[in-house]
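>>> Give me the fold of what follows.
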Amino acid sequence: MSEIGFECRGVRADPYGAFPTLLFRLAITAPEQDAVHAIALRCQIRIEPQRRRYAPAESELLADLFGDPSRWGETLRPLVFANVSTLVPRFTGGTEIDLPVPCGYDLEVAAGKYFAALDDGEVPLLLLFSGTVFARDGEGFTVRQVPWDREARQGLPVEVWREMLDRYFPGGGWLRLGTGTLRALQRFKSERALPTWDEAMEALLKEARG
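This next block holds a predicted model:
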């Protein structure tokens with residue numbers, strides 16, 4: 001079972017998810033003579049920011065994560081995007097499955113900040129696999145671990161990410177604020193008779209620039 005392998009053949013947004021979800025299409029192979037009963041599969045997905053170029057506007061927004069671009073040779077390090085698990089059903093030789101990855105829009109999380117800073121292109125991702133393989137061996141079963149070196153790379157188009165989020169948060173995003181900050185903003189909005197939160201934030205930004 002040491003020859004078990006993984007390949008990512010694409011990623012798309014789940015059109016029927018109750019919340020934002022990406023589906024990674026995985027191809028899993030095993031030697032033909034081994035009947036895999038099931039795999040309790042775990043996958044950590046990392047962003048590899050050093051594997052793409054950035055426009056000046058993107059670099060400016062990414063300074064919050066990586067500092068000044070002059071230091072990116074030292075600071076541009078992988079970011080954990082997700083840790084997910086799934087159960088791969090029985091197969092012999094090979095199979096394909098969708099690995100669902102729930103996504104959020106939290107700009108306080110490093111991965112959220114990274115995605116929000118990009119205008120186009122692809123996000124370079126590394127998928128690291130682990131877990132337990134249950135396989136038929138003669139008249140019984142064997143239980144083995146997925147080898148630690150199993151991995152796959154996949155580019156996530158920024159357009160796919162944005163389309164997915166726009167399906168749930170059309171034309172907007174979310175910021176998590178403390179209760180005290182929210183109450184202060186509410187007072188500011190009420191005092192200025194501003195009809196929307198967007199206008200309240202625009203007024204604050206205008207004052208800050210002034």
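>>> Please report the distance of the closest residue to Cys103 other than its chain neighbours from Asp98.
Among residues not flanking Cys103 along the chain, Pro20 sits closest, at 4.3 Å (C-beta to C-beta, 6 or more residues apart in numbering). Bear in mind the C-beta positions are built from the backbone N, C-alpha and C, glycine included. In this structure, Pro20 and Asp98 are 15 Å apart, going by C-beta to C-beta, to the nearest Å.
>>> ok, the two, which is more surrounded?
With neighbours defined as other C-beta atoms under 10 Å, Pro20 and Asp98 compare such that Pro20 has more, 19 against 15.
>>> same for the longest strand along the chain, what does it pack against?
Longest strand in the chain by number of residues (criterion: DSSP state E): strand 122-137. Applying 3 or more C-beta pairs under 8 Å, 6 or more residues apart in numbering; DSSP states H and E, one finds that strand 122-137 contacts strand 5-13, strand 35-47, strand 140-145, strand 151-157, helix 158-168.
>>> Make CSV from the ones you listed and add mean pLDDT to it.
Compiled in CSV, the helices and strands packed on strand 122-137 are given as follows (pLDDT from 0 to 100):
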stretch, mean pLDDT
strand 5-13, 96
strand 35-47, 95
strand 140-145, 85
strand 151-157, 97
helix 158-168, 89
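>>> and among the ones you listed, the most buried is which?
Compared across those, strand 35-47 shows the largest average neighbour count, a mean of 19 (mean count of other C-beta atoms under 10 Å).
>>> Domain map for the protein?
Residue ranges for the domains of the chain, per automatic domain parsing: 5-176, 177-210.
>>> Compute the first-to-last residue distance for the first one.
What it means is domain 5-176. Start and end residues of domain 5-176 are separated by 40 Å (C-alpha to C-alpha, to the nearest Å).
>>> Then stretch 44-58?
End-to-end distance of stretch 44-58 (C-alpha to C-alpha): 25 Å.
>>> Contacts only, for the residue nearest to the spatial centre of the chain.
Closest residue to the average C-alpha location of the chain: Phe81 at 4.3 Å, with C-alpha atoms, centre = their mean. Listed by C-beta atoms under 8 Å, 6 or more residues apart in numbering, the contact set of Phe81 reads Ile45, Arg46, Ile47, Val101, Ala111, Leu125.
>>> any idea how far it lies from Glu48?
According to C-beta to C-beta, Phe81 stands 10 Å off from Glu48.
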